[in-house]
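J.: Quick one: sequence and predicted model below, then my questions.
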Amino acid sequence: MPMNAVEEFVADAREWRRDIHQNPELLYDVHRTSAFVAEKLRAFGCDEVATGIGRTGVVGVIRGRLGESKNTIGLRADMDALPIHETTNLPYRSQAEGKMHACGHDGHTAMLLGAARYLAKTRNFAGSAIVIFQPAEEGGAGAKAMIDDGLMERFGVAQVFGMHNMPKLPIGRFAIRKGPFFAAADRITIDIEGQGGHAAYPHHCVDPVLAGAQIVNALQSIVARGVDPLDSCVVSVTRFEAGANFNVIPQTAQLLGTTRTFSPATRDFAERRVIEIARGVGSALGAKVDVKYERGYPMMSNHPDQADFAAGVARKVAGEDKVSTDAPPIMGAEDFSFMLEARPGAFIILGNGDSAGLHDPKYDFNDAALPYGISYWAQLVETALAA
């Protein structure tokens, strides 16, 4: 399928994308976006449009005209934004204070809507294409919520595919890898209680700030001296809160952070050592330490056959030399991992060009990527569900 086959849908997809960008919503509170998506899917003539899957997810069913088939393929896009203040000053910048589409989910939704419109119009395939619009990718595990709500069984999804834009990867290029692709992500909360008092009399206190600082330093030994240098692990403390005055040693302090791993054994090791180190350092300094370690998204691993298939589809869209199949593993996390645990499938990266990075207040999805994403989705369905 040539790129110009979807050209008539690109201008509208651009408008949809910018509308969604102006009206960002967080986690499961994507009511406007969900309604927008459902309205479009009904207008396209989808055979079925289901709402409220995984609280605010939307699913469209498009049946091909080339015969009956039990083969059903799922295509997933995410809809939620981030709690970030946008600084782009674009004419279509966020109208919601403190919220913005800083990860390109507006573009992901627009590309899948464009593909749904094309597929509903042409139906040049057998079986069914299931377009999945998911809430709460940014930390809310919306994929798991949709799966727990019966997504795969209700719509008979046999394989499932996902896509994400990537800044610095040139427009018109794709990247993918078999096996482990995105890291597992866990959340750390460390509450430290000492003995507050006057800053001039530290010997009468147990300083939770000192304990916290020592814990931050000691946690870095987990990777530096505990993990095989050929393995991958990140331990980052990202927030340190304590005190309110220059002359008062506070009673409490709190650290927040995350770990990222690819190996189940390394994940177990990191969890154990975070707890041991935080408690041990706190005890040595006379502070009481409580550690809450929450396992988040699992590692995302592409199924080999589906990764090969996705790469082949991308080559049809972009050209043989525009698709990398040895993309490096990414320490970021993706809740599409839950879908790949439930069904065979693959996740591919699409170039966003020389834009600001993901989760950057200056980021903007590059509309030049729209035709490539729409074409990829449409080509994937027509190839996978060929009569």
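T.: Arrived safely.
J.: how far away is Glu63 from Val160?
T.: Slight slip there: residue 63 is Arg, not Glu. Distance check for Arg63 against Val160: by Cβ to Cβ, to the nearest Å, it reads 18 Å. Glycine gets a C-beta too; all of them are placed from N, C-alpha and C.
J.: who has more neighbours, these two?
T.: When neighbours are counted by other Cβ atoms under 10 Å, Val160 comes out ahead of the other of Arg63 and Val160, with 27 against 19.
J.: can you list the domains in this protein?
T.: For the chain, automatic domain parsing gives the domain ranges 3-182+300-384, 184-295.
J.: would TSV of those domains with mean pLDDT be doable?
T.: As requested, the domains of the chain are arranged in TSV below (pLDDT from 0 to 100):
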stretch	mean pLDDT
domain 3-182+300-384	97
domain 184-295	97
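J.: now, of those domains, which is deepest in the fold?
T.: domain 3-182+300-384 (a mean of 20; mean count of other Cβ atoms under 10 Å).
J.: how distant is stretch 38-53 from the center of its chain?
T.: Between the mean C-alpha point of stretch 38-53 and the mean C-alpha point of its chain there is a distance of 23 Å (Cα atoms, centre = their mean, to the nearest Å).
J.: and it, how far apart are its ends?
T.: Terminal residues of stretch 38-53 lie 12 Å apart, using Cα to Cα, to the nearest Å.
J.: ok, now stretch 239-255?
T.: The distance separating the two terminal residues of stretch 239-255, taken as Cα to Cα, comes to 6 Å.
J.: hmm, who's touching that stretch?
T.: Contacts to stretch 239-255, defined as Cβ atoms under 8 Å, 6 or more residues apart in numbering, come from residues 188-200, 202, 205, 207-209, 211-212, 215-216, 237, 256-257, 278.
J.: ok, now stretch 22-31?
T.: Residues external to stretch 22-31 that are found in contact with it (Cβ under 8 Å, 6+ apart): 32-33, 55-56, 79-83, 92-96, 99-101, 106, 135-136, 138-140, 142, 145.
J.: Out of those residues, which sit inside helices?
T.: Using DSSP state H, the members of the contacts of stretch 22-31 that fall in helices are 32-33, 106, 142, 145.
J.: and those residues as TSV, adding distance to Cys233?
T.: Written out in TSV, the entries for those read as follows (distance: Cβ to Cβ, whole Å):
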residue	distance to Cys233
Arg32	39
Thr33	35
Asp106	32
Gly142	26
Ala145	28
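J.: between the residues you listed, which is closest to Ala314?
T.: Of all the ones in helices among the contacts of stretch 22-31, the one with the least separation from Ala314 (Cβ to Cβ) is Asp106, at 21.8 Å.
J.: Please report how far the closest one lies from Pro24.
T.: Plainly put, Asp106 is 8 Å away from Pro24 if you go by Cβ to Cβ.
J.: Could you name every residue contacting both of these two?
T.: Listed as contacting both Asp106 and Pro24 by Cβ under 8 Å, 6+ apart are Ala81.
J.: Name the surrounding residues that touch stretch 256-273.
T.: 180, 183-190, 219, 222, 226-228, 231-239, 274, 293, 295, 299, 329, 331-333.
J.: I appreciate the help and will end here.
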